[in-house]
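> Just to be clear, the model below is a prediction. Sequence and coordinates:
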Amino acid sequence: VQLQASGGGLVQPGGALRLSCAVSGIIFSGSDTAWYRQTPGNQRELVAMLNSGGSTNYAESVKGRFTISRDNAKNTVYLQMNSLKPEDTAVYYCNVEGKRRPFNARASYWGQGTLVTVSS
């Protein structure tokens with residue numbers, strides 16, 4: 001299973017970025033997807049989650065600013081980040097939980113992380 005995250009970079013406060021995570025090797029349509037972030041010295045925290053049924057969950061700090069979405073035809077999950085703040089600066093990781101094959105057990109997989117820096 002491979003997860004390739006992209007879209008990070010430097011953006012000014014108030015700006016926007018869209019992260020993408022292309023996934024292969026898993027039954028994507030039946031998988032739950034999520035974005036996490038981590039800053040130095042801190043634990044990885046959940047930013048947004050979108051399960052296979054279409055339900056979403058967001059961290060309180062990003063509600064109303066971030067939107068998670070997915071394209072099952074492209075095996076890709078996205079995170080649209082608007083009204084970015086300096087405190088959103090972190091390495092963002094995509095996560096997928098699902099099955100490689102129909103009779104496999106579910107497992108969790110991580111992308112390599114993409115750095116988002118919000119600064120003027």
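Okay, I see it.
> Where do the strands of the protein begin and end?
Counting by DSSP state E, the chain has strands at residues 2-6, 9-11, 17-24, 32-38, 45-50, 56-58, 66-71, 76-81, 90-98, 107-110, 114-118.
> ok now do the spatially closest residue to residue 9 that is not a sequence neighbour, which residues does it touch?
Among residues not flanking residue 9 along the chain, residue 17 sits closest, at 6.5 Å (C-beta to C-beta, 6 or more residues apart in numbering). (Each C-beta comes from the backbone N, C-alpha and C, glycine too.) Residues in contact with residue 17 (C-beta atoms under 8 Å, 6 or more residues apart in numbering) are 7, 8, 9, 11, 81, 84, 116.
> sorry, back to before: would you format the strands of the chain as CSV with mean pLDDT included?
Shown next, in CSV, are the strands of the chain (pLDDT from 0 to 100):
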stretch, mean pLDDT
strand 2-6, 95
strand 9-11, 97
strand 17-24, 97
strand 32-38, 98
strand 45-50, 98
strand 56-58, 97
strand 66-71, 98
strand 76-81, 98
strand 90-98, 97
strand 107-110, 96
strand 114-118, 97
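> related to what we said a few turns ago, could you flag which of the contacts of residue 17 are buried?
Buried members of the contacts of residue 17, counted by 16 or more other C-beta atoms under 10 Å: 7, 8, 11, 81, 84, 116.
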